[in-house]
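# Model the structure of this input:
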Amino acid sequence: MNYVEILNKIQTDLLQIQSSLNELRCIDDTSIADVFITRQEAADMLGKGLRQLDRDCIRYNIRRHKCNNGVRISKRDIMRHLGYFAPEPEDLEPPADERLSEFERIMYRHKKRIGK
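Reported below is the predicted structural model:
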């Protein structure tokens, strides 16, 4: 067996392990149900800076909670943002065929952001 075959076999094995890990992440959602992480941990998970994380929290409705003199972010929302969970029904936009005024759209987005 030459080096190229060995490297190809290792790469194939690594891809299989990665797909198995992704399946486990999708199946086991109990460990992240009510876990809140720091802003820095969330930014590291997303591979972004703190300021970009703050903008993404507003843009993608990622919940933030104030506790212990700091801000904690829902790990479940971060995982949902990464695509490991399907969006929950309340996270979806209203149907496009509904005719909402500009004010109603703003209020709808605001209510989603603050969690009412």
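# following the lengthiest helix in the chain, which helix or strand shows up next?
Taking DSSP state H as the criterion, the chain has its longest helix at helix 3-27. Toward the C-terminus, helix 3-27 is succeeded by strand 36-38 as the next helix or strand (DSSP states H and E).
# wait, doesn't residue 73 sit right on residue 60?
No: between residue 73 and residue 60 there is no contact under CB atoms under 8 Å: 11.4 Å. In this view, the C-beta of every residue, glycine as well, is placed from N, C-alpha and C.
# Comparing those two, which residue is more hemmed in?
More crowded of residue 73 and residue 60, by other CB atoms under 10 Å: residue 73, with 24 against 13.
# Under a three-state scheme, what state does the more buried one occupy?
strand (DSSP: H, G, I helix; E, B strand; the rest coil).
# Skipping adjacent residues, who's closest to it in space?
In space, and not counting its chain neighbours, residue 73 is closest to residue 42: 4.3 Å by CB to CB, 6 or more residues apart in numbering.
# Run through the residues that contact that neighbour.
By CB atoms under 8 Å, 6 or more residues apart in numbering, the contact list for residue 42 reads 53, 62, 73, 75, 78.
# Look up the pLDDT of the second one for me, please.
Note on residue 62: pLDDT of 85.
# again, but for residue 70
At residue 70, pLDDT is 87.
# Tell me what it is bridged to.
residue 67 (DSSP bridges).
# Would you tell me what the next helix or strand after the strand or helix carrying the residue nearest to residue 73 is?
Secondary structure from DSSP H and E places residue 42 in helix 39-46. Later in the chain than helix 39-46, the nearest helix or strand by DSSP H and E is helix 50-59.
# elements contacting that following helix?
helix 39-46 (3 or more CB pairs under 8 Å, 6 or more residues apart in numbering; DSSP states H and E).
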